[in-house]
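A.B. asks: Model the following, please.
(one chain, ligands or ions: 3)
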Amino acid sequence: MIQSYGWSDALRHDFAPFAARDLVPGRITVQQRGHYGLVTDLGELTGQISGRLAHEAESGGYPAVGDWVAVAARPAEHAATIHAVLPRRTAFVRRAADTIASEQVVAANVDVALLVASMNADLNQRRLERYLATAWQSGAKPVVVLTKADLAAHPEAEVAEAESVAFGSPVLAVSAVTGAGMDALAAYLKPAETAVLVGSSGVGKSSLVNALAGEMLMDTGAIREADDHGRHTTTHRELIRLPSGALILDTPGMRELGLLDADDGLSVTFEDVEAIAESCRFSDCHHGNEPGCAVRAALESGELDPGRWKSFNKLQRELAFQARKEDPRLREAHNRHWVAIAKASRAGKKIRGKT
Ligand SMILES: Nc1nc2c(ncn2[C@@H]2O[C@H](COP(=O)(O)OP(=O)(O)OP(=O)(O)O)[C@@H](O)[C@H]2O)c(=O)[nH]1
Ligand SMILES: [Mg+2]
Ligand SMILES: [Zn+2]
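C.D. replies: Ligands and ions are numbered 1, 2, ... in the order given. A predicted model of the protein is given here:
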């Protein structure tokens with residue numbers, strides 16, 4: 001049973017200390033208000049986390065859908081107590097844009113991140129960039145999926161638009177209604193591998209699951225006619241095993257993803273911007289009034305799109321914020337800087353410098 005959910009020799013190795021405690025391995029398939037759905041070799045069980053794990057989770061976070069866990073099973077009751085979470089291979093993480101503490105693992109141990117956008121609305125390249133950066137940082141391979149190709153007058157144009165920010169990640173045009181492009185999508189979903197669907201509400205994530213499964217496993221909901229927004233039909237995350245043997249995780253629609261130390265993800269998605277910045281005359285160029293600034297030149301010549309430059313900066317500010325959060329010394333330096341600015345402004349002076 002767990003074999004078909006991706007159980008491997010590497011996991012068996014990680015699990016050894018728990019096997020010695022008479023615990024059994026399971027994978028979380030559903031998460032709903034404190035209850036977890038699990039697959040184990042003893043069948044499907046409903047899990048709750050142990051008191052000790054709940055205590056640890058307050059700082060380290062709760063188990064997420066896709067996690068492999070060690071459980072004490074009570075198969076007669078179809079129940080289990082979750083005692084530990086095995087190390088994650090990959091984690092697709094979301095951070096609320098304006099809060100400090102809340103980091104949420106959307107999906108654990110995913111191989112492929114399907115970044116879903118709909119062709120019935122204008123493609124938001126900035127949002128796609130953010131999704132791509134988050135996907136690169138998660139360790140999963142991103143695939144951009146443009147849905148509702150049946151509604152687009154020029155699907156090729158939309159694919160080209162997405163490709164221009166996707167940096168070599170595949171971009172697929174699909175329709176759950178006509179079936180167009182569904183074979184190409186299915187080719188990215190391998191048996192015992194896990195894919196996660198992420199994207200705004202109403203873009204057709206659950207419809208893709210149903211089309212791939214060949215049956216109505218997930219509820220789908222009509223979008224609002226007034227503004228094309230979805231109605232948040234899917235309300236929980238669920239890992240589903242497709243007839244092909246591939247695993248796919250459906251999620252509720254979300255507007256934005258935050259970033260978590262995405263340095264790696266960032267440079268992959270913004271290779272072109274970084275390449276331009278590297279050719280500035282001064283290596284510590286702030287791209288302001290410095291002579292020989294390649295960024296300013298590229299913006300003036302149109303080589304660099306101003307929107308793209310803006311979102312690069314926004315991401316960098318978020319990363320700096322994250323870094324300060326994690327490194328007390330950086331945080332102190334930052335605070336000292338602001339204290340100095342506050343003092344200087346009270347004294348009617350100006351102070352130069354960057355945080
Ligand atoms: N024309 C067309 N409509 C589609 C297609 N895929 C989905 N839809 C419609 O789009 C609407 C939203 O689809 P869902 O699958 O519920 O969207 P979702 O992304 O799961 O939305 P949330 O669960 O709210 O996050 C439904 O009315 C679907 O019938 C498609 O390929 N073509
Ligand atoms: Mg849905
Ligand atoms: Zn510069």
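A.B. asks: Give me the spatial nearest neighbour of N124, chain neighbours excluded.
C.D. replies: Spatial nearest neighbour of N124, chain neighbours left out: A117 (7.2 Å); criterion: Cβ to Cβ, 6 or more residues apart in numbering. (C-beta placed from N, C-alpha, C; glycine too.)
A.B. asks: Give the burial count for the one you found, as a bare number.
C.D. replies: With neighbours defined by other Cβ atoms under 10 Å, the count for A117 comes to 25.
A.B. asks: how close does it sit to ligand 2?
C.D. replies: 14 Å (Cβ to the ion, to the nearest Å).
A.B. asks: elements contacting the helix or strand harbouring T81?
C.D. replies: Using DSSP states H and E, T81 maps to strand 79-85. For strand 79-85, the elements it packs on are strand 35-40, strand 43-49, helix 51-60, strand 68-74, judged by 3 or more Cβ pairs under 8 Å, 6 or more residues apart in numbering; DSSP states H and E.
A.B. asks: and these as CSV, adding mean neighbour count?
C.D. replies: Formatted as CSV, the helices and strands packed on strand 79-85 follow (neighbours: other Cβ atoms under 10 Å):
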stretch, mean neighbour count
strand 35-40, 20
strand 43-49, 17
helix 51-60, 12
strand 68-74, 21
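A.B. asks: and ligand 2, which of those is closest to it?
C.D. replies: strand 35-40 (17.3 Å; Cβ to the ion).
A.B. asks: would you turn the helices and strands packed on strand 79-85 into a markdown table with distance to ligand 2 and mean pLDDT?
C.D. replies: Formatted as a markdown table, these follow (distance: least, Cβ to the ion, whole Å; pLDDT from 0 to 100):
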| stretch | distance to ligand 2 | mean pLDDT |
| --- | --- | --- |
| strand 35-40 | 17 | 94 |
| strand 43-49 | 22 | 95 |
| helix 51-60 | 27 | 80 |
| strand 68-74 | 25 | 97 |
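A.B. asks: Nearest to L123, out of those?
C.D. replies: Shortest separation from L123 across the helices and strands packed on strand 79-85 is recorded for strand 35-40, at 34.5 Å, computed as Cβ to Cβ.
A.B. asks: Could you check the angle the closest one makes with strand 43-49?
C.D. replies: For strand 35-40 against strand 43-49, the angle by axes from the mean of the first three to the mean of the last three Cα atoms, to 10 degrees is 140 degrees.
A.B. asks: quick one: strand 35-40 to strand 79-85, angle?
C.D. replies: Relative orientation of strand 35-40 versus strand 79-85 (the same axes, to 10 degrees): 90 degrees.
A.B. asks: Give me the contact list for strand 35-40.
C.D. replies: Where contact means Cβ atoms under 8 Å, 6 or more residues apart in numbering, the residues beyond strand 35-40 that reach it are 1-2, 5, 24-31, 44-49, 63, 69, 71, 73, 80, 82, 238.
A.B. asks: Can you show me the CA trace of it as PDB?
C.D. replies: Below are the C-alpha coordinates for strand 35-40, written out as PDB (Å, rounded to 0.1, in the frame of the first residue of the first chain):
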ATOM      1  CA  HIS A  35      -7.500  15.600  12.000                       C
ATOM      2  CA  TYR A  36      -5.400  13.800   9.500                       C
ATOM      3  CA  GLY A  37      -6.200  11.200   6.900                       C
ATOM      4  CA  LEU A  38      -3.300   8.600   6.600                       C
ATOM      5  CA  VAL A  39      -2.500   5.700   4.300                       C
ATOM      6  CA  THR A  40      -0.600   2.900   6.000                       C
END
